[in-house]
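Novice: please work out how this folds:
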Amino acid sequence: MASLSAADLRAVLDYTRSTLRVEDDAQLPALLGGLARLVGSESATLTHLHLRSQDEVALPWPLNRIDRAVLPAYARLSHTHPLRAPLLAMAGNRVTRLPPLRLSDVLSNRLWRETRLHREVMPTTSDQLCLPLSFRGWATRAVTLSRSEGQFSDRERDLLAACAEHLRAAVGRTRPGGHRWVRFVPAAEQASGYGPPAVPTLSVREREVLTLVAEGATDAQIARRLGLRPATVSKHLHRVYTRHNVRNRAEAVRLLHDRDARALAGQLVVRRSSVRGSLST
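Specialist: Model (predicted):
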């Protein structure tokens, strides 16, 4: 980070102090706005993206930045984004060092403007700077900064890199959700005519494993109870973590309890409707 001056480092220090106050996703827009001002971009987006299924939820700053009229086109074309291939390579190679990626390093400005993604979805975007925060299987969390004029410099890339560890810690303390988040429905799901559930479902085996986790059982104990290998139990848990954006066993158990509570609530609604229907006949 030789390109950073003493003034730059002081600005980074001031910003990273603000990340220490982040406790939930309601504070993330201010965090994104501060990062955009520090690096010099017009907008910032925190994304939770599965690189295989293309399932994606995003928190934009400013909050009204996303034009919902272009969401169908984005669903069709998002997989062609020039930065998706480097992210896939990082996920596949299990890279531990996660440097920022510049769109302008991957594709020239002329070629970028010739893409359908630029023409139909991002016509005012001249460059982007993406910082992968984490990978869990094929799922990634990343912050992307965008600008409409010019390209990001080495200094601006290094400013973002200097904030990386604090950003990872701050985002890691939050979970996606709430009305500020936008879900991008993959094109395959749009074509089917049916929107998927907001959160993927739990399989029968995953539910069995989580039920025993809730009882305090270890992987080895769960394996004996279910007639599995401990490595298979670990794979089931890893799949739950990846598909449901949970970080540990405690959050996975909370996910199970939340699902059961919603299912019970749905049953009660159905029963009440049936009772009302029988009384009215």
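
Novice: which strands or helices does the helix or strand encompassing Ala231 pack on?
Specialist: Per DSSP states H and E: Ala231 is located in helix 230-244. The helices and strands touching helix 230-244, judged by 3 or more C-beta pairs under 8 Å, 6 or more residues apart in numbering; DSSP states H and E, are strand 127-136, helix 204-214, helix 219-226, helix 249-280. Every residue, glycine included, has its C-beta placed from N, CA and C.

Novice: make it 7 Å
Specialist: Under the contact criterion of 3 or more C-beta pairs under 7 Å, 6 or more residues apart in numbering; DSSP states H and E, helix 230-244 touches helix 204-214, helix 219-226, helix 249-280.

Novice: among those helices, which gets the worst mean confidence?
Specialist: Lowest mean pLDDT of those: helix 249-280, a mean of 57.

Novice: what distance do you get for Val121 to Phe184?
Specialist: Here the distance between Val121 and Phe184 works out to 11 Å (C-beta to C-beta, to the nearest Å).

Novice: same check on Leu88?
Specialist: In this structure, Leu88 lies at 17 Å from Phe184, with C-beta to C-beta as the measure.

Novice: looking at these two, which one has more neighbours?
Specialist: Neighbour comparison, Leu88 and Phe184: the larger count goes to Phe184, with 19 against 15 (by other C-beta atoms under 10 Å).

Novice: list the contacts for the closest residue to Arg205 other than its chain neighbours?
Specialist: Using C-beta to C-beta, 6 or more residues apart in numbering and skipping residues adjacent in sequence, the residue nearest Arg205 is His236, 6.1 Å away. Shown in contact with His236 (C-beta atoms under 7 Å, 6 or more residues apart in numbering): 205-206, 209.

Novice: quick revisit: tell me, what's touching Val121 and Phe184 both at once?
Specialist: Overlap between the neighbourhoods of Val121 and Phe184 consists of Tyr74, taking contacts as C-beta under 7 Å, 6+ apart.
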